[in-house]
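*Asks:* this one's sequence-less:
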């Protein structure tokens, strides 16, 4: 006889605990596998098309055809040789492709405490989120410490929620919307692929733990990511959240995807 129990709502319905094992139902597993296969098939072609250098560092530069907008950066970064200038121009071109409006989606798990309830100490549930904002990897002429195409920043609106166990209030264990800002560091791995780090802070209006009124909260965001062909960012993040009274905190482990237009 097979013993098991279903838990949670929403995404939780696709998981079954059977003899202490967590099993993904076939329909949801098939969807995830199809998504991964489609991404693997498309990503290499996209990377090849997007990663062609604007200038070849091994060849002399035709300065008569070089856009005048690059010259202030060449002077600011003190580049003198053709190879150095070509590399800088390529980085500036890549920076412009990584700069713009972006949208993202992610999912993961939330772990939090509820110190106001002695009978409820720790809970965990599926978490999800959406974000939209603006990111830039294009350096300012007044900030030559910034490295083009390597160090960037973004500011965005973000919604986070979960289907935790305390379902008396709108079936939501945690719900928050706010503004966040991150510093992004991207380092090349090979042509068309970069890997890097994410560090940021956020300010949220949020509800939690069956409380009908929203409260102010803060967030620390850290993680790492992979960038494919400058436009596609796959992120793994840890979001640490705390309320204004410092008596509730949570942590979200999230994985997501964002695209910059």
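*Replies:* Nice, thanks for sending it over. Here the structure is a predicted model, which means the values were calculated and not measured. Numbers count the residues shown, from 1 in each chain.
*Asks:* Report how many residues lie close to residue 102.
*Replies:* 19 (other CB atoms under 10 Å). All C-beta spots, glycine's among them, are computed from the backbone N, C-alpha and C.
*Asks:* This structure: strands as residue ranges?
*Replies:* Assigned by DSSP state E, the strands in the chain fall at 4-6, 15-18, 21-24, 100-113, 122-136, 151-162, 174-190, 193-208, 215-228, 232-243, 249-260.
*Asks:* Give me the packing partners of the fifth one, helices and strands only.
*Replies:* In this structure, strand 122-136 packs against strand 100-113, strand 151-162, strand 174-190, strand 249-260, with contacts taken as 3 or more CB pairs under 8 Å, 6 or more residues apart in numbering; DSSP states H and E.
*Asks:* Could you dump the ones you listed into JSON lines with mean pLDDT added?
*Replies:* Shown next, in JSON lines, are these (pLDDT from 0 to 100):
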{"stretch": "strand 100-113", "mean pLDDT": "87"}
{"stretch": "strand 151-162", "mean pLDDT": "91"}
{"stretch": "strand 174-190", "mean pLDDT": "90"}
{"stretch": "strand 249-260", "mean pLDDT": "90"}
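*Asks:* any idea of the mean pLDDT in stretch 126-136?
*Replies:* Regarding stretch 126-136, the rounded mean pLDDT is 92.
*Asks:* ok, how many other residues are close to residue 194?
*Replies:* By other CB under 10 Å, 22 other residues sit near residue 194.
*Asks:* Which residues are in contact with it?
*Replies:* When contacts are counted by CB atoms under 8 Å, 6 or more residues apart in numbering, residue 194 touches 186-188, 226-227.
*Asks:* So which of those wins on neighbours?
*Replies:* residue 227 (27 neighbours).
*Asks:* Correct me if wrong: it contacts residue 186.
*Replies:* Yes - counting by CB atoms under 8 Å, residue 186 is a contact partner of residue 227 at 5.5 Å.
*Asks:* Overlap of the contact sets of those two?
*Replies:* Counting by CB under 8 Å, 6+ apart, the common neighbours of residue 227 and residue 186 are 98, 194-196.
*Asks:* Distance check, the nearest residue to residue 102 once chain neighbours are set aside against residue 247.
*Replies:* Using CB to CB, 6 or more residues apart in numbering and skipping the chain neighbours, the partner closest in space to residue 102 is residue 260 (4.1 Å). Taking CB to CB, to the nearest Å as the measure, residue 260 falls 38 Å from residue 247.
*Asks:* who has more neighbours, those two?
*Replies:* residue 260 (22 against 11).
*Asks:* right, and the more buried one touches residue 104 too?
*Replies:* No - Residue 260 sits out of contact with residue 104 when judged by CB under 8 Å, with a separation of 9.4 Å.
*Asks:* Show me the common contact partners of the two, please.
*Replies:* Taking CB under 8 Å, 6+ apart as the criterion, residue 260 and residue 104 both touch residue 233.
*Asks:* So for residue 60, what pLDDT did the model give?
*Replies:* At residue 60, the model reports a pLDDT of 87.
*Asks:* Am I right that it is in contact with residue 82?
*Replies:* Yes - contact criterion CB under 8 Å: residue 60 and residue 82 qualify, at 5.5 Å.
*Asks:* The two: which is more packed in?
*Replies:* With neighbours defined as other CB under 10 Å, residue 60 and residue 82 compare such that residue 82 has more, 16 against 9.
*Asks:* what's the closest of the strands of the chain to residue 69?
*Replies:* strand 122-136 (16.0 Å; CB to CB).
*Asks:* Dump the contacts of residue 194 to CSV, plus distance to residue 242.
*Replies:* CSV is the format used below for the contacts of residue 194 (distance: CB to CB, whole Å):
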residue, distance to residue 242
186, 29
187, 31
188, 36
226, 29
227, 30
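*Asks:* need the contact list for the closest residue to residue 245 other than its chain neighbours.
*Replies:* Distances taken as CB to CB, 6+ apart put residue 215 closest to residue 245, at 7.6 Å, once the chain neighbours are dropped. With contact taken as CB under 8 Å, 6+ apart, residue 215 is in contact with 205-207, 243-245.
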